[in-house]
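# Structure, please.
(chains A and B)
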Amino acid sequence: MKKVVYGLLILLAVIHQDVWWWDNGELVFGFMPLGLFYHSLYSCMAAAVWAMAVKWAWPGDIEQWAESGDEAGGEQ
Amino acid sequence: MSSITPLIALGQAAEPVSRTPLVIIGIYMCVLFGLGWISSRLFRGSSKDFFVASHSIGPFMLLMSVFGTTMTAFALVGSTGKAFSMGIGVYGLMASSSGLIHAACFFLVGIRMWSFGKKYGYVTQIQFFRDRFESKKLGYLLFPILAGLIIPYLLVGLIGAGTYIGGVTRGMFPGTFDAGAVPGWLTGLVICGVVLFYVFSGGVRSAVWANTFQTIVFMIMGLVGFIVIAKGIGGLAEASELARQHAPEKLVREGLMTPAHFMSYMLVPLSVGMFPHLFQHWLTAKSAKAFRLTVIAHPLCIMIVWVPCILIGIWGAGLYAEGSLIVPKLPNGAPNANTVLSMMVNKFMVDPVLIGLFSAGVLAAIMSSLDSQFVCVGSMFTNDFIVPMFGEKRFSDRQKVWLGRGFIVFIVVITYVISIFKPMSVFNLGIWCFSGFSALFPIAFAAVYWKRVTTAGVFASVIATAVTWVLFIHDSLGRAAGEQWFGVKEHGEYLIAGVMPVAFICLASVVALVGVSLATKPPTGETIDKFFPAKG
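Residues are numbered from 1 along each chain as shown, chains lettered A, B, ... in the order given. Just a heads-up that it's a prediction; the model follows:
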């Protein structure tokens, strides 16, 4: 599932370049220019894919390691 | 269409200009003072509490503070102005791409940085880099560069606030100020004073509290303002139809940007992975789980704020082309895009109370970034310059907090003075600032994912970034139009070979980082073990 999530993220990066309606000024719902409507939907899709990432690709090992006890051993 | 003109005329005829909006803004500032005072009661007095709120912030406040910090004048004043000039494509340039890239930075880099901060007690980004790259000197190189890059970011806020308030208060003080408007220097002075007060009261904890409150305010008021402006023009459909008739080019991207230009903008949001003030916000998280809400909701929050701004921008372009919206001119005769939002508010918000509330929302967006940046420069000065220079035990915890505060005032004064003398496009200034941070992002990414990266590679990358950034910014801003060495200016943007300069600055940074790292001695096993713990 983790690979599917990363695949979807790459797909999102690709479909951000929506050259196919570069010069289409049609108004969706009578007020929203098509390019703006598409990218608003894109924002919703991004949120959905990130929700999947949180569910299936969460770095639980790092979280566990960090919370296993403070060391404060940095050169500060 | 026929119903639009009388409404516009009604908006223009609102004389004499009421000062109620300023009273509302004044009340809002008092609320912030109160919030600063309350959060100061919770301040534990330690430097850890001042700089990272003792790692105590939960998911909702983390989302609000991180989102509020990334949204400044750039998002409200800048995006509206840029959409006025370049149309709807501006949303794709910065907003939708940020939904993907910002969240990626939080998910892929932020959580790991938080884990190192939690485990090893880091307070600033530079402390982490010094340890990770086994070099104290790296801190001395990074400190002035990061602090220097924050100054244009602060300027974005101060110039944006000054321009907006100047526009919205036009005619309020005839005979006292030029055009009867509150001057930018006064607006800057007030907001710096308020932010300094609550930041000094409780450090990053105050900033987080204030950010949460201010983010809620600007999101709600942004939506209310959008609805009122749309109604004032005659409705959503009427407003967009007007833009389609008089400025149809703003509804598409053809002629205003090319696909290559559009694609190169995707590198700009990488800057959040390297913002030192965001690093500090990440460290305030109570647990890694607190990041979950931020990662998922950040793209939606951006959409809620940016879509209305873009629509107001293109509606403004339609009205301006039709001749019914007056936009103050720049010395070169072009309309001052920074003032579009305030001009639209002045024209279509009739109720002075509403103007005041909306204006408080705009200032909230600006101040919610300024506070984090203020705390951050103070933290960096104390922890990355003074302590390494004079030793950990030279200063008491209380003295460290005061040293941080002193440096904050120093930087604020410098920024304030520059903001008075050097006004420019808020959006473009923001882009230059973000480009510098974006080009440093490969260092942050390599720090948590690439064991082979070396100290020399990081030095080379920082230097390559600094040199190319200064070179391009000089070429763009320091030379007369048409006499650029590398790029050309198109639609107010400086492009090199058709793409944003950030592409070349990032390329220089990555080539230097990878090339020099591979040619130099790998880091010690001890460092690798420390930052790449075995799984399981």
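
# dump the residue contacts of the spatially closest residue to B:I386 that is not a sequence neighbour.
Among residues not flanking B:I386 along the chain, B:L403 sits closest, at 5.6 Å (C-beta to C-beta, 6 or more residues apart in numbering or on different chains). Every C-beta, even on glycine, is put in place using the N, C-alpha and C of the backbone. B:L403 makes contact with B:378, B:381-382, B:386, B:395 under the criterion C-beta atoms under 8 Å, 6 or more residues apart in numbering or on different chains.

# Report whether B:L403 is found in a helix, as I expect.
Yes: residue state for B:L403 (DSSP: H, G, I helix; E, B strand; the rest coil) corresponds to a helix.

# For it, give its distance to chain A.
15 Å (C-beta to the nearest C-beta, to the nearest Å).

# Could you do B:K451 as well?
Distance from B:K451 to chain A, by C-beta to the nearest C-beta: 15 Å.

# My read is that that residue contacts B:K530, right?
No: counting by C-beta atoms under 8 Å, B:K451 does not reach B:K530; the two are 11.3 Å apart.

# quick one, strands of the chain?
Answering for chain A, as no chain was given. Using DSSP state E, the strands of chain A run over residues A:27-28, A:32-33.

# not quite, I wanted chain B
B:488-490, B:493-495.

# can you put the ones you listed in TSV and add mean pLDDT?
Below are the strands of chain B laid out as TSV (pLDDT from 0 to 100):
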stretch	mean pLDDT
strand B:488-490	83
strand B:493-495	87
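
# for the ones you listed, which one ends up most surrounded?
strand B:493-495 (a mean of 22; mean count of other C-beta atoms under 10 Å in any protein chain shown).

# can you list the residues that contact it?
With contact meaning C-beta under 8 Å, 6+ apart, strand B:493-495 is reached by B:86, B:261, B:428, B:472, B:475-476, B:484, B:487-489, B:500-501.

# buried subset of these?
Buried by 16 or more other C-beta atoms under 10 Å in any protein chain shown: B:86, B:261, B:428, B:472, B:475-476, B:484, B:487, B:500-501, out of those.

# just to revisit the earlier point, so between B:K451 and B:K530, which is more surrounded?
B:K530 (18 against 12; other C-beta atoms under 10 Å in any protein chain shown).

# how much space between the more buried one and B:W282?
Distance, B:K530 to B:W282, using C-beta to C-beta, to the nearest Å: 19 Å.

# List the residues that contact the residue nearest the centre of chain B.
By C-alpha atoms, centre = their mean, chain B has its centre lying nearest to B:T72, at 4.4 Å. By C-beta under 8 Å, 6+ apart, the contact list for B:T72 reads B:153, B:156-157, B:160, B:365-366, B:368-370, B:430.

# what do you get if the cut-off is 6 Å, keeping everything else the same?
Neighbouring residues of B:T72 by C-beta atoms under 6 Å, 6 or more residues apart in numbering or on different chains: B:156-157, B:366, B:369.

# picking up where we left off before, now the two most distant members of the buried ones among the contacts of strand B:493-495.
B:M86 and B:D475 (21.2 Å; C-beta to C-beta).

# Count the residues that sit near the spatially closest residue to B:P59 that is not a sequence neighbour.
Leaving aside its sequence neighbours, B:P59 sits nearest to B:L293 (C-beta to C-beta, 6+ apart; 4.1 Å). Burial of B:L293 is recorded as 18 neighbouring residues (other C-beta under 10 Å).

# how far away is B:L293 from B:T284?
14 Å.

# Give me the below-cutoff pLDDT ranges for chain A.
A:69-76 (pLDDT under 70).

# Give me the pLDDT for the closest residue to B:A446 other than its chain neighbours.
The shortest distance from B:A446 to any non-neighbouring residue, by C-beta to C-beta, 6+ apart, is to B:V453 (4.1 Å). On the pLDDT scale, B:V453 is placed at 96.

# Please report how far the residue nearest to B:R479 when sequence neighbours are not counted lies from B:C433.
If the residues on either side of it in the chain are set aside, B:R479 comes closest to B:W485, at 7.4 Å by C-beta to C-beta, 6+ apart. From B:W485 across to B:C433, the span is 22 Å (C-beta to C-beta).
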